[in-house]
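>>> What follows is a predicted protein model with its sequence.
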Amino acid sequence: MAQAQFHTSEDGLLRFDLVAAAQRVKLGNRDANLLTYNGQVPGPRLEAKPGDTVQIRFTNRLSQPTNLHYHGLHIPPTGTGDNVFLEILPGEGHTYEFQIPQNHPAGTFWYHPHYHGLVAEQLFGGLAGLFVVRGELDEMPAIKAAQEAFLVLKDFALDRSGNIPNPGHMAQMTGRIGDLLTANGQFNPSLEIPSGGLLRLRLLNASTSRFFWLSLEEHPFHLIATDGGAIASPIALNDLVLAPGERVEVLVQGNQAPRPYRLLNQPFNPAQGMMGGGMMGGGMMGRGMMGGSPNRGTTETVATLTYNGAIAPLSLPTQLMAVEPLPEPQTTRQFTLNHGMGMVFLINGQAFDHSRIDTQVALNTVEDWEIVNTGTMAHPFHVHTNKFQIISRNGQPAPYAAWKDVVLVSPGETVRIRMPFRDYTGKTVYHCHVLDHEDRGMMGTLDIQPA
């Protein structure tokens, strides 16, 4: 299958020129006027290794201010790092330069705009690309032997002229959703696996507000990594839910009769309030979720898996990477998510204000954050700079340990996360990753102070 061009570090340096510009591109078979990185949707895939220096010379050729967020990377939130407070004006440029820590986990990360007030519009327009860190997980024999494929999942909306229509008020409340479902900018691309082989499928939900509920006909997913990298051992799932911003890696076994199999998405949008009562309860665990099998009548095909050739059967790995247990927290905080009057979304009753520090923490501490959703829409909660572990959902312990940077909090839910603040001081943010909600106030400023 056609993968986006990718650029990898050489001799410890990833140096790359990145240009954001409006451009007419092919979206599947349609002509579309989109926002692109280097003229393509999704943007180029960037690959680096722990210890590498990254130097991205960024140019803004959009008609609006913008900037870049390196989603999930543990790098400085200030200066030339993952600085979301930067304003890069039309026609201007900025050089991002940072080092990926020596102990950074391998994983599937991404980059996208983060200029407050324009995030939803710019991401919906097409601005997103993968940022992959290669490391220990990639060197495991069973993982190395697998065939690798990346799927950047993203919806678009186009009018007859190929322009993105104005979303209107309702869509900005519930989150804008497009009717064109793409994987790597294509409609129903093909994935390949040899009989007996393993496919390592790396999935990113790069949508502004659309949730995915995915299953692969007659093939379970074997979850091996979440947002922040590998889990301890594979977990078999019949389906999985990806909220906006979430990533997973799964292994698929080529052990069925060689014919085409569809990767299916059951459309639903929990951001628009509950449908069917409590269906999002399992987070990513997925088993028997949402009342049994998808209604095939409304299911969309995201991609198609075909068999090609045969190899001696590969077995699934039994052990992956230990997930470090975190010590008891020094502090517990509560964050309440809800919407206010009109088109505004709030955290602890307040809309985002650039001039205010909402939460101050100390470096080298561990905190528990209780995220409480008292509203009627689902909110995927994302924290920049440091990743976390989900401890419990409505008081029920998390079924397995995993590193995350986005956690879905459904209406009525309380989710407890545990987060270590490591390596970097300075100002960063936390917010809802339904990006219309973020742009309309559901974001807070986090100040990490020296110990």
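Received it, and whenever you're ready, just let me know what you need. Here the structure is a predicted model, which means the values were calculated and not measured.
>>> Looks to me like residue 438 is in a strand.
No. In this structure, residue 438 is helix, not part of a strand, as judged by DSSP: H, G, I helix; E, B strand; the rest coil.
>>> And it, how far from residue 390?
From residue 438 across to residue 390, the span is 21 Å (Cβ to Cβ, to the nearest Å). C-beta: built from backbone N, CA, C; applies to glycine.
>>> CA atoms only: put the helix or strand where residue 368 lies into CSV for me.
Per DSSP states H and E, residue 368 falls inside strand 366-373. Included here for strand 366-373 are C-alpha records, laid out as CSV according to Å, rounded to 0.1, in the frame of the first residue of the first chain:
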residue,chain,number,x,y,z
VAL,A,366,4.1,12.3,40.9
GLU,A,367,0.4,13.5,41.0
ASP,A,368,-3.0,11.9,40.6
TRP,A,369,-5.5,13.8,38.5
GLU,A,370,-9.1,13.0,38.7
ILE,A,371,-10.9,14.0,35.5
VAL,A,372,-14.6,14.3,36.0
ASN,A,373,-17.0,14.8,33.1
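>>> Pull out the buried positions in it.
Residues of strand 366-373 classed as buried: 366, 367, 368, 369, 371, 372, 373 (neighbour count, 16 or more other Cβ atoms under 10 Å).
>>> Would you confirm that the last one contacts residue 407?
Just to be clear, that refers to residue 373. No. Using Cβ atoms under 8 Å, residue 373 is not in contact with residue 407, being 10.8 Å away.
>>> For residue 130, which non-adjacent residue is spatially closest?
Spatial nearest neighbour of residue 130, chain neighbours left out: residue 45 (4.3 Å); criterion: Cβ to Cβ, 6 or more residues apart in numbering.
>>> So that neighbour sits against residue 16, correct?
No. Assessed by Cβ under 8 Å, residue 45 is found out of contact with residue 16, at 10.9 Å.
>>> what's the overlap in contacts for these two?
residue 7 (Cβ atoms under 8 Å, 6 or more residues apart in numbering).
>>> Work out for me the element the closest residue to residue 359 other than its chain neighbours sits within.
Closest residue to residue 359 apart from its sequence neighbours, by Cβ to Cβ, 6+ apart: residue 446 at 5.0 Å. Per DSSP H and E, residue 446 falls inside strand 443-449.
>>> now for that strand, which elements pack on it?
strand 359-362, strand 426-432 (3 or more Cβ pairs under 8 Å, 6 or more residues apart in numbering; DSSP states H and E).
>>> again, only this time at 10 Å
strand 345-347, strand 359-362, strand 379-383, strand 426-432 (3 or more Cβ pairs under 10 Å, 6 or more residues apart in numbering; DSSP states H and E).
>>> Of all the ones you listed, which one is nearest residue 420?
strand 359-362 (10.3 Å; Cβ to Cβ).
>>> okay if I get the buried residues of strand 366-373 as JSON lines plus pLDDT and distance to residue 151?
As requested, those are arranged in JSON lines below (pLDDT from 0 to 100; distance: Cβ to Cβ, whole Å):
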{"residue": "366", "pLDDT": "98", "distance to residue 151": "34"}
{"residue": "367", "pLDDT": "98", "distance to residue 151": "34"}
{"residue": "368", "pLDDT": "98", "distance to residue 151": "33"}
{"residue": "369", "pLDDT": "98", "distance to residue 151": "30"}
{"residue": "371", "pLDDT": "98", "distance to residue 151": "28"}
{"residue": "372", "pLDDT": "98", "distance to residue 151": "33"}
{"residue": "373", "pLDDT": "97", "distance to residue 151": "28"}
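>>> deepest of the helices and strands packed on strand 443-449, which one?
Comparing the helices and strands packed on strand 443-449 by mean neighbour count (mean count of other Cβ atoms under 10 Å), strand 379-383 ranks first with a mean of 25.
>>> ok, then the element right after that strand?
Going down the chain from strand 379-383, the next helix or strand is strand 388-393, by DSSP H and E.
>>> Return that following strand as CSV; C-alpha atoms alone will do.
Provided in CSV are the C-alpha atoms of strand 388-393 (Å, rounded to 0.1, in the frame of the first residue of the first chain):
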residue,chain,number,x,y,z
PHE,A,388,0.5,9.2,32.4
GLN,A,389,-1.0,5.9,33.4
ILE,A,390,-4.8,5.4,33.9
ILE,A,391,-5.3,4.2,37.4
SER,A,392,-9.1,3.7,37.5
ARG,A,393,-12.3,4.5,35.7
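>>> For that strand, buried residues please.
Applying 16+ other Cβ under 10 Å to strand 388-393 flags 388, 389, 390, 391, 393 as buried.
>>> Equivalent analysis for stretch 9-20, please.
9, 14, 16, 18, 19, 20.
>>> wait, what's in contact with residue 13?
For residue 13, the contact set (Cβ atoms under 10 Å, 6 or more residues apart in numbering) comprises 48, 52, 53, 54, 55.
>>> how near is it to residue 51?
Counting by Cβ to Cβ, the gap from residue 13 to residue 51 is 11 Å.
>>> re the thing from before, which one of the helices and strands packed on strand 443-449 lies closest to residue 72?
With Cβ to Cβ as the criterion, residue 72 lies closest to strand 379-383 of these, at 9.1 Å.
>>> Can you check what angle separates that closest one from strand 426-432?
Angle of strand 379-383 versus strand 426-432, following axes from the mean of the first three to the mean of the last three Cα atoms, to 10 degrees, is 170 degrees.
>>> Tell me the strands beside strand 379-383, with direction?
Using DSSP bridges, the strands paired with strand 379-383 in its sheet are strand 406-409 (antiparallel), strand 426-432 (antiparallel).
>>> Average pLDDT for the shortest one, rounded please.
Strand 406-409 shows a mean pLDDT of 98.
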